[in-house]
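Peer 1: Provide a 3D model corresponding to the input given below.
(chains A, B and C)
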Amino acid sequence: MSYTIRQMAALLDLGYQGDGSRLLTKVAGWNAADDTSLIFVHGAESRVFHAEGQRAACVIAPKMLASVAANMIFSEQPRLDFARAASYLNPWPKSRGTRHATAEIAPGAEIDEGVELGPFVVVETGARIGQGSILHAGVVIGGACCIGKECILFPGVVLYPGAQLGDRVVLHAGVVVGSDGFGYASDGKKQWKFPQVGSVIIDDDVEIGANSTIDRGSLGTTRIGTGSKIDNLVQIAHNVEIGEHVVIASQTGISGSTIIEDYAVIGGQVGFGDHARVQSGAVIGSKAGILPGKIVRGGEVYWGVPVRPLREYKRLNALFGRLPEMKAEIDLLKKEVAELKGSPGRK
Amino acid sequence: MSYTIRQMAALLDLGYQGDGSRLLTKVAGWNAADDTSLIFVHGAESRVFHAEGQRAACVIAPKMLASVAANMIFSEQPRLDFARAASYLNPWPKSRGTRHATAEIAPGAEIDEGVELGPFVVVETGARIGQGSILHAGVVIGGACCIGKECILFPGVVLYPGAQLGDRVVLHAGVVVGSDGFGYASDGKKQWKFPQVGSVIIDDDVEIGANSTIDRGSLGTTRIGTGSKIDNLVQIAHNVEIGEHVVIASQTGISGSTIIEDYAVIGGQVGFGDHARVQSGAVIGSKAGILPGKIVRGGEVYWGVPVRPLREYKRLNALFGRLPEMKAEIDLLKKEVAELKGSPGRK
Amino acid sequence: MSYTIRQMAALLDLGYQGDGSRLLTKVAGWNAADDTSLIFVHGAESRVFHAEGQRAACVIAPKMLASVAANMIFSEQPRLDFARAASYLNPWPKSRGTRHATAEIAPGAEIDEGVELGPFVVVETGARIGQGSILHAGVVIGGACCIGKECILFPGVVLYPGAQLGDRVVLHAGVVVGSDGFGYASDGKKQWKFPQVGSVIIDDDVEIGANSTIDRGSLGTTRIGTGSKIDNLVQIAHNVEIGEHVVIASQTGISGSTIIEDYAVIGGQVGFGDHARVQSGAVIGSKAGILPGKIVRGGEVYWGVPVRPLREYKRLNALFGRLPEMKAEIDLLKKEVAELKGSPGRK
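Peer 2: Residues are numbered from 1 along each chain as shown, chains lettered A, B, ... in the order given. Presented below is the predicted three-dimensional model:
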């Protein structure tokens, strides 16, 4: 897609300076920018920017940097507005509405006319796929799955039977949705599988990274709310409820029935015990561990195993690093007290 | 499958009350239960149960709750007996014995007549697949693999050449079995690959979660014992030996040549160094770290990095949280001792 | 492949004793060795070796063990030289140059004649694949990808459009290369996707384990240097730069723009914050955590969360285990000081 600087500034509802008729065709980084590229600067980069100049067609930057480039869209949040601009310049690809001859569509699947199916796609009985969705090579859609409009499923995605996706859901390569949850009951000799017959619902505008796994509910439902973003190799267990606009970084694992409320931000390699709850807006640092049943309050930053408010974690970690000094002080005190006890002033 | 309450109670070897001829067709959660559903209650739920009543055909519950429902199967372990009941009402699907026209079977593969092959399945030369097994879409079976009876391989499972599965093994979508182990020898300039030419054996009734990876042995064998259950995104390295009825939760990684004995229970995101050993019945909490060569004794619960008995871990963790108080106490003692040393009573 | 003992010793540039004309056809472990097997011994095994003897055709061992076997290749680094020997006896399979009838090759893809394509392989427009490469069943190569010579891509590997592989790159089953990085900018209501339009380059002789994920650069490039080896289920984020001959064990995650310099060795389940840097030759122990922006100096061993030099970590961990004693000593000191303060010798 291409827009003039004037059009882009209007779309972003921002001011600009320079040649408003100049054409933008793509976003770019500094090094790769050419004369139709839109770039952005933020804080620390501005000095380099001064020194090196740029070849880009236009730069998104704070107004205070107005002198450094002829064509500029003014923004106090250049990274955000650059991302917004990218949604126009580099949008998700649109379905071509083609079905590869090798795609296997079972009788009874309802596939909207505008859907694109790649080679070796499999759609099983009773599945429904909405207008404008793209299923890349080798995607497997189980029976009775329901996929909304304009979803993109990258190669090798697997939906177990009955999984439900809203609109504009993006699943990267190798994502598995609706696999059995991990639940067993032991009779002392063997493990009996606890039934994993629930459902899984992924709401609109969710994006899930490569090779992540989302289990179905055991008896209830696993749900990921509108606009939430999940990185690669993340595990979401049965009956987990993730709210809206939640962000979860790579390799984090969320155990059964845990609830993550809206706008929470979760770092990478975090582990959640089951039946925990993260309240709206909480931020949990990478590698944190949350005990089963734990409630993490909203509006604060947490860290550590088990998880603690960041300020407390930092203080404890600093003292952990000073354990040798503490030990030495105790040893010295012991010596001094022993001397005091044995001193002439004491009987 | 469907059973009367009387039949089900007999199958479970449990008593019941109410209409023994009432038909059960499925297990369900409370919310989704209808008049042919079997549900269960345990402890904390019983109050809700009293208050709300239920629509289910029958409930599995302790006898002490006999007054709350007309149709009840009595159990002192309702969750276990519910899981047992589910094995009858919601069993694994049976092979339809069909082979999709697109399945590619190499000459020399021996596939039992009762096997079901989905679209785009690949079976290479010399592989054998036993009666009643199901290979879903896109499964790839390497040369000379051996798969037992009534196994279920979900879409996209890959078996490297020579992998061996027992009977009733369930591999969820994206599982890889028999990939090369991770071993190299450095000559100071480059890494030489240590040969990864061993085998991998997965015994009867093992279930492995989505996108988990099981490496073959380097020279020896990687083995997972009968009835063991492994969650999603778990890594089992070369030459690991896992005993029988072991349970391993998501994102745990087990390094080369480590041994996990029968009935061990391993939490999520646990990491094992190589050549460690977990003795029978040990329970290891989530996110624990086990050093290379470490022996973890059976019959106890462990936690932490490096792993410690839970009681010890809890005490240390509590003291860790009290480091600021300990620091303050030391500072006060220093001041007091300094005063004592300078006091009139002392020369 | 097969070689005589004499030929093999010459290839390895090592001395030998015994029957130089004896044929070696494979490497093996002790238990599985037969009369054409090459085995090796190192330190601790030599006693067993004495006691049990062996059936192998030849053993690689230090010269000091010359008495224990008739046929021996002398090496002071038996494991390394065994790995070198394996590169001759058990080399990577060679392409058969066959294209399975079901492979889907888009017009405009350039595939060298010597390439082997398995069933259901997909190669999209503009992709180029070099001489001798093997793409196993179900591999998907996005448009404009570039794959060098003698690469091996195991079943189900996915390359997003534009990904570049050097020569002799090995990607195990389920590896995803070039997926979108994880970057968003929040406007307080929703997450805007930061553009993920960069590239990904994997240099010669890299090997990547099953189900690992390598994201493309957001605006720049993600790069993995020559000879680096990556284990299963590893996450490499956007714009990460990994140097040459780096080793990274399973389930480690590396956040955006972090740099790992040449010859670093990274354990399993390690987590890196973004914009960190690991200098050449550093060794980082399993489960370590590296804070964003942290610089880890080369030539040392690190451990812990946050990461510390191993010696320091060990001391701190030992003191952590002695917290109960320290607490008891403080309590005793408090009591003694209180007594001293109240004692007759003091006013």
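Peer 1: what's the neighbour count on A:Glu325?
Peer 2: Neighbourhood size, A:Glu325 [other CB atoms under 10 Å in any protein chain shown]: 12. Where you see a C-beta, it was placed from the backbone N, CA and C, and this is true even at glycine.
Peer 1: residue of chain A closest to chain B, please.
Peer 2: Nearest to chain B in chain A, going by CB to the nearest CB, is A:Leu219, at a distance of 3.1 Å.
Peer 1: that residue: neighbouring residues, count only.
Peer 2: Neighbourhood size, A:Leu219 [other CB under 10 Å]: 26.
Peer 1: what pLDDT does the closest residue to it other than its chain neighbours get?
Peer 2: Nearest residue to A:Leu219, sequence neighbours excluded (CB to CB, 6 or more residues apart in numbering or on different chains): B:Gly29, at 3.1 Å. If you check B:Gly29, the pLDDT there is 89.
Peer 1: pretty sure B:Gly29 sits against A:Gly220.
Peer 2: Yes. Under the criterion of CB atoms under 8 Å, B:Gly29 makes contact with A:Gly220 at 5.3 Å.
Peer 1: hey, what's in contact with both of these two?
Peer 2: Shared contacts of B:Gly29 and A:Gly220, defined by CB atoms under 8 Å, 6 or more residues apart in numbering or on different chains, comprise A:Gly198.
Peer 1: spit out the contact partners of A:Lys193.
Peer 2: So A:Lys193 contacts A:180, A:183-184, B:83, B:86-87, B:207 (CB under 8 Å, 6+ apart).
Peer 1: filter those down to the buried ones and hand me the ChimeraX line.
Peer 2: Buried subset of the contacts of A:Lys193, written as a ChimeraX selection, criterion 16 or more other CB atoms under 10 Å in any protein chain shown:
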select /A:180,183,184 /B:83,86,207
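Peer 1: pull the longest helix from chain A.
Peer 2: helix A:323-342 (DSSP state H).
Peer 1: contact partners of stretch A:31-39?
Peer 2: With contact meaning CB under 8 Å, 6+ apart, stretch A:31-39 is reached by A:2, A:8, A:23-30, A:54-60, A:73, A:82, A:85, A:89, C:219-220.
Peer 1: just checking, which of these belong to strands?
Peer 2: The strands, defined by DSSP state E, take in A:23-24, A:26-27, A:58-60, A:73 from the contacts of stretch A:31-39.
Peer 1: just give the closest residue to A:Asp204, not the sequence neighbours.
Peer 2: A:Gly166 (3.8 Å).
Peer 1: dump the residue contacts of that neighbour.
Peer 2: Residues near A:Gly166 by CB under 8 Å, 6+ apart: A:148, A:201-206, A:226.
Peer 1: of those residues, which is the most crowded?
Peer 2: Result: A:Ile202 is most packed of the contacts of A:Gly166 (other CB under 10 Å), 31 neighbours.
Peer 1: next up, phi/psi of that one, please.
Peer 2: Main-chain dihedrals, A:Ile202, degrees, to the nearest 10: phi -120, psi 120.
Peer 1: any low-confidence regions in the stretch 51-200 of chain A?
Peer 2: Scanning the stretch 51-200 of chain A with the threshold set as pLDDT under 70 gives A:51-54.
Peer 1: could you pick out the residues of it near chain B for me?
Peer 2: A:102, A:104, A:120, A:122, A:138, A:140, A:156, A:158, A:160, A:174, A:176, A:179-180, A:182, A:184-187, A:189-195, A:197-198 (CB under 8 Å from any CB of the partner chain).
Peer 1: cutoff 7 Å now
Peer 2: With CB under 7 Å from any CB of the partner chain as the criterion, the stretch 51-200 of chain A meets chain B at residues A:104, A:120, A:122, A:138, A:140, A:156, A:158, A:174, A:176, A:179-180, A:182, A:184-185, A:187, A:190-195, A:197.
Peer 1: just the buried ones from these?
Peer 2: For those, buried by 16+ other CB under 10 Å: A:104, A:120, A:122, A:138, A:140, A:156, A:158, A:174, A:176, A:179-180, A:182, A:184-185, A:191-195, A:197.
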